[in-house]
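J.: Sequence plus the predicted model coming up.
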Amino acid sequence: MAFKVLARDKHSLARVGKLITRSGSVETPFFMPVATKTAVKHVSPEMLEAMGVNATISNSFVLSLRPGASVVKKLGGIRALSSYKGVMFTDSGGFQMYSPSLYKGSTDKGVEFKNPYSGERIFMTPEQNMQLQLDLGSDVAMCFDTMPLIAHSKEAVSLAVTRTTNWACRCKETHDALQKKISKKKRQLLFGIVQGGIHDDLRRVSAEALTQLDFDGFSIGGLALGEAKEDEYRMIEVCQGYLPRNKPVYLMGAGNPVELLEAIERGCDMFDSRFPTMNARHGNIFSWKGKYIVTNAEYKTSLKPLDEGCACMVCKRYSRAYICHLIRNEEGVGYQLASYHNLYFLQELMRRVRKAIRAGKFKEFKKKFIREYEGR
RNA sequence: GCGAUCGUGGUGUAACGGUAGCACAACAGACUGUGGCUCUGUUAGAGUGGGUUCGACUCCCACCUUUCGCU
């Protein structure tokens, strides 16, 4: 069993659980930073450990380009490469269909990508992707999915759902076969991904089909990409109506603090996003009193910490003025300090959420947080 | 002193006898399973004075200014 529920909220689907992998377990709900090439931008594995981040997600497709699967395999996997101690996820690369510079096209067989470094074309099948993620040695792998764009027609999204389901079967079959000789406790976990855009019926079709396969967890993909928040939350609700309640649910790509609480209330257990680190690089700071932009002129001379309610290493020591100055002048340390703070903020938010759920006070916690964060 | 030359937002520049455009900077915002990328708004300009003209940043004159040359 890769997942255990430890506590449930009485008034919603919110819950505290434990994701158990071969490299350790992580309490849910949790947020994992994006470490595409096994590094969170500007934040070392050591710093992640210091702030209590015990899971990250890297990108198998990007790692296959550099340093390459054979190099990583020779080293003994991405943990040996990075020496990060937490649980390591890998994403398949399906999301890179979203990137015009990498994605060329796809068929029922697989996806054609372009290697941006060499220009050469790469054709990747679900089977190859499973082998790749095993070679990289992550603790949790994601299915190779087909990512419909928001702008796509319902017909196109429907085709993406069919293909994603088909590929999920192939991923599961390949993944099982490749790990047949490995003991259950030492196996890499595999999550299926629900697609379906913002269409209730397509989400249902996708979720029901995936549920037929015995995945270790289920991801909800294709959201948090600019659609209306009400559509996003409704899609989560639709998916949750068909996904098994004894498996972890992973909302992919979500990283906005309020959005995380809304998703947790609707039964989601885990999240990843570049939102906190990307915002940090652009000077956008998360705080308990809301998001603000520290590079704005008014902070040039502010000696306050980024967030007066924060206990992180950055807030204990550095001023807004310093970080404002560093980021304005493109100093890497500025990106690092802001990224550290934003990631710490989400970690602390998740800690408080777990505590509130355990205490039976999730709804009150959420209400209070949103009121203060959004200033109303 | 004489001659030539230059003068357009904070900076660098463009066009034109008929609404002064662009880039950077500044100011504000966006960003959600690659990207210190990128995107979106906003502010802000004709050296001074006169003349010609329906109309002048544009043509003419004087002064001031820049740069160069000559004595």
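T.: Looks like it arrived, so ask away.

J.: for the stretch 101-250 of chain A, what spans make up the helices?
T.: Taking DSSP state H, counting those that start in this stretch, the helices of the stretch 101-250 of chain A run over residues A:126-136, A:154-178, A:200-211, A:229-240.

J.: So what angle separates the directions of the shortest one and helix A:154-178?
T.: Using axes from the mean of the first three to the mean of the last three C-alpha atoms, to 10 degrees, one finds that helix A:126-136 and helix A:154-178 are set 50 degrees apart in direction.

J.: cool, and the third one?
T.: Taking the same axes, to 10 degrees, one finds that helix A:200-211 is oriented at 10 degrees with respect to helix A:154-178.

J.: can you list the residues that contact helix A:200-211?
T.: With C-beta atoms under 8 Å, 6 or more residues apart in numbering as the test, helix A:200-211 has contacts from A:154, A:157-158, A:161, A:164-165, A:168, A:192-197, A:218, A:234-235, A:238-239, A:241-244. Any C-beta I mention is one placed from the backbone N, CA and C, and that applies to glycine too.

J.: Pretty sure A:Tyr98 sits against A:Ala151.
T.: No. With contact defined as C-beta atoms under 8 Å, A:Tyr98 does not count as touching A:Ala151 (11.3 Å).

J.: Looking only at neighbour counts, state which of these two leads.
T.: The residue with more neighbours, out of A:Tyr98 and A:Ala151, is A:Tyr98; 15 against 7, by other C-beta atoms under 10 Å.

J.: which residues touch that one?
T.: Per C-beta under 8 Å, 6+ apart, neighbours of A:Tyr98: A:147, A:149, A:225.

J.: A:Gly17 is in what secondary structure piece?
T.: In this structure, A:Gly17 sits in strand A:15-21 according to DSSP states H and E.

J.: tell me the contacts of A:Trp167?
T.: A:126, A:143-146.

J.: Next, A:Cys268: secondary structure please.
T.: coil (DSSP: H, G, I helix; E, B strand; the rest coil).

J.: A:His325 versus the residue of chain A most remote from its centre, what's the distance?
T.: Within chain A, the residue lying farthest from the chain centre (C-alpha atoms, centre = their mean) is A:Thr301, at 35.4 Å. According to C-beta to C-beta, to the nearest Å, A:Thr301 and A:His325 sit 10 Å apart.

J.: From the contacts of A:Tyr98, list the ones also adjacent to RNA strand B.
T.: A:147, A:225 (C-beta under 7 Å from any atom of the strand).

J.: May I ask which of the contacts of A:Tyr98 has the most neighbours?
T.: That'd be A:Met147 among those, by other C-beta under 10 Å, with 22 neighbours.

J.: and that residue, how far is that from A:Ser219?
T.: To A:Ser219, A:Met147 is 12 Å away according to C-beta to C-beta.

J.: cool, and A:Arg317?
T.: In terms of C-beta to C-beta, A:Arg317 sits 37 Å off from A:Ser219.

J.: which one of those two has more residues nearby?
T.: More crowded of A:Arg317 and A:Ser219, by other C-beta under 10 Å: A:Ser219, with 27 against 10.

J.: The more buried one contacts A:Leu189, correct?
T.: No. Contact between A:Ser219 and A:Leu189 fails when scored by C-beta under 8 Å: they sit 11.7 Å apart.

J.: give me the number of residues near A:Lys181?
T.: Residues near A:Lys181, counting by other C-beta under 10 Å, number 5.
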